[in-house]
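Chemist: 3D, please:
(4 chains)
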Number of protein chains: 2
Amino acid sequence: MLDVARVAQVSIATVSAFVNGSANVSPAATQRIEGAIRTVGYQRNAVARSLKLGRTHTVGLTVPHITNPFFTEVVSVITQAFDRAGYAVMLFCTDEHLSNQDEQIRLLLERMVDGLIVARVGEDERFRSIVGATKAPFVLIDRLCEGVDADAVVLDNRTAVAEAVGYLTGLGHRRIAYVAGGTGISTMQERAAGYRAALEEAGLAFDPALVRLGDFHEMDGYAAAMQLMTLPDRPTAVFSANNPMVVGVMKALRDLGLNCPKDVSVACFDDFPFADVFHPQMTTVRQPVQAIGEQATALLLERIAGTAASEPRRLTLRGRLMIRGSCAPPSGWAAQSA
Amino acid sequence: MLDVARVAQVSIATVSAFVNGSANVSPAATQRIEGAIRTVGYQRNAVARSLKLGRTHTVGLTVPHITNPFFTEVVSVITQAFDRAGYAVMLFCTDEHLSNQDEQIRLLLERMVDGLIVARVGEDERFRSIVGATKAPFVLIDRLCEGVDADAVVLDNRTAVAEAVGYLTGLGHRRIAYVAGGTGISTMQERAAGYRAALEEAGLAFDPALVRLGDFHEMDGYAAAMQLMTLPDRPTAVFSANNPMVVGVMKALRDLGLNCPKDVSVACFDDFPFADVFHPQMTTVRQPVQAIGEQATALLLERIAGTAASEPRRLTLRGRLMIRGSCAPPSGWAAQSA
DNA sequence: GAAGCTAGTTGAAACGTTTCGGCGATGTCA
DNA sequence: TGACATCGCCGAAACGTTTCAACTAGCTTC
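Modeler: Below you'll find the model as predicted:
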């Protein structure tokens, strides 16, 4: 900018005025400045600008795993929405590790992001203090955090799971296994509650032996299904409360030579692009990823602009049960009902 | 930092020395500064730091579509690798649009990223001039750019496709369709060359009627397969040179009531997590995503550190054919060969 | 013809760091 | 005791912007 000013024979202030359109500059000066910018190859330095302005036009985004198809899509929607708004987004994957998350958020805050969208991980204490210590606005997605007064957009997990499990009981299943990830997360607690609610609704007893908790990974799903399917009185249906684990479940069925849906019905949380292409076509609970991403972006942009009401807003969206071919009445049931 | 200095009753310079460990500070001062940092809640401002230092410890990453499973995994690997190195990454999706890409790279450069990793899109002219005009290092992944002397890590696409199509000819297929994305991209040209080479190798004539070029989207794959499969002399196998399109292909087969692999064999580029879970289990060309991401990161970090030799380096990795259940000899062939 | 406006321009301060030269005080060596 | 390092600390300049008050011409208006 100094160089441009020299070449164009104007002051730095005038160049700035021209670049930002913040004040009138004469046609003559305009022309010289435009020329100078071209010859010098000037490009404005956003970090100096940010320092002066106190805004970086950059936001942070952290998710547990970008390879989880739910997060893949949410990240996709969010990055594109911010892109349209002229913001850059810094992406981090916590890999479900608390220490990663703390460090990443520290890094983001140090870089003076204008705001953050966080799909939280792990326990609350540390996160609460981080959020409390900064004035940068946070928006929580997917997972809430008790005691944190941040905007949030989440799913009505309880209802969604209850509907899916209710669908299974409606088909006649009475032994429905439940496979899920860690318990420390609001999402998982709500989903478990939905499972129990659906059982109760159908007059079925909750059997702890049919519940398997893992750590969100495919191999945990595999191990869980292996155990469940070799039980003396094995379940006739499995609901997986997250997507990576269902891959393991399906592989276990394959390795055990069990057919889905003939021998076991399977349904899971989170839709994915291949769900209706291959066999069995997977029955899933589809989250409104587009809406989640766009709402989260909108909430954060409003906070950044300062136009939002001060009390935290919480959006709860509804999931949708995508009924496909992976669930069927348990064998023997049709006869029984006839 | 000014506040910290005041509370600790030392100069700003001393606080800086303490924070960065760049000079000795007495135990007494250390203690006061530590206390002051806590009471003030000080966090260093990375943008001021970047301005002074001329380095942001931030890199840019642009890919066409993060939902394409190949890019999902590469992005995952790259973000984690940079995270470990203490860098933040700004992610952009070009959505295969040239204008997006230009604008995003401009934004990134303006933000003074220390370097960029780019999975390029579209034609070369504009991109060449952008790369030429900046001194920030670029690393190209997946797609090359003629005339740009940047480091790159790519796949040996020609060999990979030749191997896959060779596998199909080996099974006895003589009419093998080829479905792919746009032609302006090095990757696609190489893959097409691999297809032709494999045909030639098997003594088969190239038939333009069996080639369908679309725009990387599922619906293009669908349309392509619909046309191909209603041809009077329809192909017995389809190779899709990219992943999103194969979803469309499979849906078309489903809608036409064609069984894979009994009626048609299908193979495609890029492996995906569900490939060996459902039926048919997909035969794919698997790219070494882990290696691609890590190598690209390493190349860029070396450039940033200035330790790299000055001439551009090009890494070409090999793909791996994952043979699964989606390909079989064409019907009638077994008899003929017996 | 004086007063007042307006459009265009400018110098300088500020944003929060890092860094360098310098300056006392203390210790060491001859 | 004097010369000389060494240590801990500090003041101030610099990084590249934005912004504000101030200034100059040139016009308009009475």
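
Chemist: Tell me the confidence at the residue at minimal distance from the centre of chain A?
Modeler: The centroid of chain A falls nearest to residue A:71 when counting by Cα atoms, centre = their mean (4.3 Å). On the pLDDT scale, residue A:71 is placed at 97.

Chemist: who touches the helix or strand harbouring it?
Modeler: Remark: residue A:71 resides in helix A:69-84, with elements defined by DSSP states H and E. For helix A:69-84, contacts defined as Cβ atoms under 8 Å, 6 or more residues apart in numbering or on different chains pick out A:59, A:61, A:63-66, A:88-89, A:91, A:117, A:119, A:141-142, A:243, A:270-273, A:287, A:289-290, A:292-294, A:296-298, B:65-67, B:72, B:91-93, B:95, B:100, B:104. All C-beta spots, glycine's among them, are computed from the backbone N, C-alpha and C.

Chemist: Can the helix or strand that it is followed by be said to contact chain B?
Modeler: Next in sequence after helix A:69-84, counting helices and strands by DSSP H and E, comes strand A:88-93. Yes - applying Cβ under 8 Å from any Cβ of the partner chain, one finds strand A:88-93 touching chain B at A:88, A:89, A:90, A:91, A:92, A:93.

Chemist: repeat for stretch A:170-190
Modeler: No - judged by Cβ under 8 Å from any Cβ, stretch A:170-190 stays clear of chain B, getting no closer than 15.0 Å.

Chemist: can you pull the alpha-carbon coordinates of that stretch into PDB?
Modeler: C-alpha atoms of stretch A:170-190 as PDB (Å, rounded to 0.1, in the frame of the first residue of the first chain):
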ATOM      1  CA  GLY A 170     -44.600 -52.200  15.100                       C
ATOM      2  CA  LEU A 171     -43.100 -54.800  12.700                       C
ATOM      3  CA  GLY A 172     -43.400 -57.300  15.600                       C
ATOM      4  CA  HIS A 173     -39.900 -57.200  17.000                       C
ATOM      5  CA  ARG A 174     -39.700 -57.800  20.700                       C
ATOM      6  CA  ARG A 175     -35.900 -58.200  21.200                       C
ATOM      7  CA  ILE A 176     -34.400 -55.000  19.800                       C
ATOM      8  CA  ALA A 177     -30.700 -54.400  20.500                       C
ATOM      9  CA  TYR A 178     -29.300 -50.900  20.900                       C
ATOM     10  CA  VAL A 179     -25.700 -50.100  19.800                       C
ATOM     11  CA  ALA A 180     -24.300 -46.700  20.600                       C
ATOM     12  CA  GLY A 181     -21.400 -44.400  21.300                       C
ATOM     13  CA  GLY A 182     -20.200 -42.900  24.600                       C
ATOM     14  CA  THR A 183     -22.500 -41.800  27.300                       C
ATOM     15  CA  GLY A 184     -21.100 -38.400  28.300                       C
ATOM     16  CA  ILE A 185     -22.800 -36.700  25.400                       C
ATOM     17  CA  SER A 186     -26.300 -35.100  25.400                       C
ATOM     18  CA  THR A 187     -27.100 -36.600  22.100                       C
ATOM     19  CA  MET A 188     -26.400 -40.100  23.200                       C
ATOM     20  CA  GLN A 189     -28.400 -39.700  26.400                       C
ATOM     21  CA  GLU A 190     -31.400 -38.500  24.500                       C
END
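
Chemist: model confidence over stretch A:191-199, on average?
Modeler: So the average pLDDT for stretch A:191-199 ends up being 96.
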